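In: Any chance you can model this:
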Amino acid sequence: MTVSIFYHQDFLKHNTGSGHPERPERLKACVEALENCDFADQLVWKSPRSATEEELKWIHTAQHIERIEQVCESGGGYLDVDTPVCPESYDIAKKSAGAWLDGVNEVLNGNSTLILSRPPGHHAERNRAMGFCLFSNASLAATYALKQNGINKVCIFDWDVHHGNGTQDIVQNNPDIYYVSTHQFPFYPGTGSHIETGEHGNVLNIPLPAGGGSVDYRNKFDKGVIPFIQKSASDMLIISAGFDAHRRDPLAGLNLETEDFAYMTRKLQRMHPHLLIGLEGGYDMQALGEGCEAVAGVLVNDAKGSVEE
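Out: Sure thing, here's the model as predicted:
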């Protein structure tokens, strides 16, 4: 089967400055890997639309949106200590968010989808940009999905090594959106304790100590993530896919292998044949490229059969 890839060269124009880990080379590594993989002819590349201001207001305050726009219009600057923007970043961030909305439509049309966009989104709270993130892409996609016919519940699984405090902040009071996260803890941003369960029991946090590897992670995934997604009885599954839990990543301390991301994708695809997977973090270029290729390969092969244990 073919897989839709949403990407635009404008995403490379989000200039975070020399030495910043969230840099354009991240996407270049992903694109290069997919353009040169064995199944490249089964990938359909598409250009995304931009999210509108009204759509962003579904999940963010007007003050939050206006602040980002004003800082960008004034020439750029820092939204917090590690979240710089350039003059073009506001428009690029709207396009990044729009790619996730387009991804929802693709999934509803029966196509698994991979979103290659930046800036990422899972640290952006309702009224706060932080952690390299401007707008909460995954929670916007979930909110949009609930407005479509036949979608009554949505689940977001976040496998980024950092807890998605922004996603949780926005969805934790919505009984129709479930959120489950595996992440290194204690670690940035400081949230993600197991006692954070959401207003309706719709949040599951699975904190992992630094140094953990594939065996422990897969055990927590099989016994924690999978049952929670099953319990959600969701009509759509959205994956916030950071590849910074990989052992090569310079910013974190988990030790996953590339195959672990493929393993999770296979199992999730058995539950939801059409997945929406969007890029979050990941700061080693080799791990990013390999991770994207591994995940896309599973989507292309439509692996509904046996899963390697």
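In: and residue 16, that's in a strand?
Out: No. Counting by DSSP: H, G, I helix; E, B strand; the rest coil, residue 16 falls outside a strand, being coil.
In: With adjacent residues omitted, what lies nearest to it?
Out: Leaving aside its chain neighbours, residue 16 sits nearest to residue 84 (5.0 Å; criterion: CB to CB, 6 or more residues apart in numbering). Using the backbone N, CA and C atoms, a C-beta is placed for each residue, glycine as well.
In: again with residue 292
Out: Nearest one to residue 292, counting by CB to CB, 6+ apart, is residue 30 at 4.4 Å.
In: repeat for residue 232
Out: Nearest non-adjacent residue to residue 232, counting by CB to CB, 6+ apart: residue 178, 3.9 Å away.
In: Ok, residue 117 next?
Out: residue 96 (4.0 Å).
In: Quick check: residue 135 vs residue 253, distance?
Out: According to CB to CB, to the nearest Å, residue 135 stands 28 Å off from residue 253.
In: Which one's more surrounded, these two?
Out: residue 135 (27 against 15; other CB atoms under 10 Å).
In: Wait, the more buried one touches residue 96, no?
Out: Yes. With contacts counted by CB atoms under 8 Å, residue 135 reaches residue 96, the gap being 7.3 Å.
In: Between the two, which contacts overlap?
Out: Each of 119, 121 lies in contact with both residue 135 and residue 96 under the rule CB atoms under 8 Å, 6 or more residues apart in numbering.
In: Tally up the residues packed near residue 272, please.
Out: Counted with other CB under 10 Å, the neighbours of residue 272 add up to 18.
In: Assign a three-state SS to the residue nearest to residue 232, would you?
Out: On the three-state scheme (three-state DSSP), residue 178 is labelled strand.
In: Beta-bridge partners for it, please?
Out: For residue 178, the beta-bridge partners are residue 155 (DSSP bridges).
In: Can you give me the distance of it to residue 290?
Out: Between residue 178 and residue 290 the distance is 29 Å, computed by CB to CB.
In: who's more crowded, those two?
Out: Each of residue 178 and residue 290 has its neighbours counted (other CB under 10 Å); residue 178 has more, 26 against 22.
In: quick one: secondary structure of residue 50?
Out: Put simply, residue 50 is coil when judged by three-state DSSP.
In: Excluding chain neighbours, what is closest to residue 252?
Out: residue 161 (4.2 Å).
In: residue closest to the middle of this protein?
Out: With distances taken as CA atoms, centre = their mean, the residue of the chain nearest its centroid is residue 240 (2.4 Å).
In: That one touches residue 278, doesn't it?
Out: Yes. The pair residue 240 and residue 278 qualifies as a contact (CB under 8 Å) at a distance of 6.4 Å.
In: Packing partners of the helix with the most length in the chain?
Out: Counting by DSSP state H, the longest helix found in the chain is helix 89-108. When contacts are defined as 3 or more CB pairs under 8 Å, 6 or more residues apart in numbering; DSSP states H and E, helix 89-108 packs onto strand 3-6, helix 53-56, helix 62-73, strand 113-115, helix 137-145, strand 236-241, strand 276-279.
In: Please dump those into a markdown table; it should also carry mean pLDDT and distance to residue 216 for every row.
Out: Formatted as a markdown table, the helices and strands packed on helix 89-108 follow (pLDDT from 0 to 100; distance: least, CB to CB, whole Å):
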| stretch | mean pLDDT | distance to residue 216 |
| --- | --- | --- |
| strand 3-6 | 98 | 30 |
| helix 53-56 | 98 | 38 |
| helix 62-73 | 98 | 37 |
| strand 113-115 | 98 | 27 |
| helix 137-145 | 98 | 25 |
| strand 236-241 | 98 | 20 |
| strand 276-279 | 98 | 23 |
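In: can I get the ones you listed in CSV with distance to residue 295?
Out: Formatted as CSV, the helices and strands packed on helix 89-108 follow (distance: least, CB to CB, whole Å):
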stretch, distance to residue 295
strand 3-6, 10
helix 53-56, 26
helix 62-73, 29
strand 113-115, 7
helix 137-145, 16
strand 236-241, 7
strand 276-279, 6
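In: just so I know, which of the ones you listed lies nearest residue 267?
Out: Distance to residue 267, taken as CB to CB, is lowest for strand 236-241 among the helices and strands packed on helix 89-108, at 11.2 Å.
In: Can I get the closest one in CSV, CA atoms only?
Out: Extracted in CSV, the C-alpha atoms of strand 236-241 (Å, rounded to 0.1, in the frame of the first residue of the first chain):
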residue,chain,number,x,y,z
MET,A,236,-8.4,7.2,15.4
LEU,A,237,-4.8,6.8,16.7
ILE,A,238,-2.4,9.7,16.5
ILE,A,239,1.3,9.1,17.2
SER,A,240,3.6,11.9,18.4
ALA,A,241,6.8,10.3,17.1
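In: Residues contacting it, please?
Out: 100, 104, 107-108, 121-122, 138, 141-142, 145, 151, 154-160, 164, 167, 229, 261, 265, 268, 271-272, 275-280, 291, 295.
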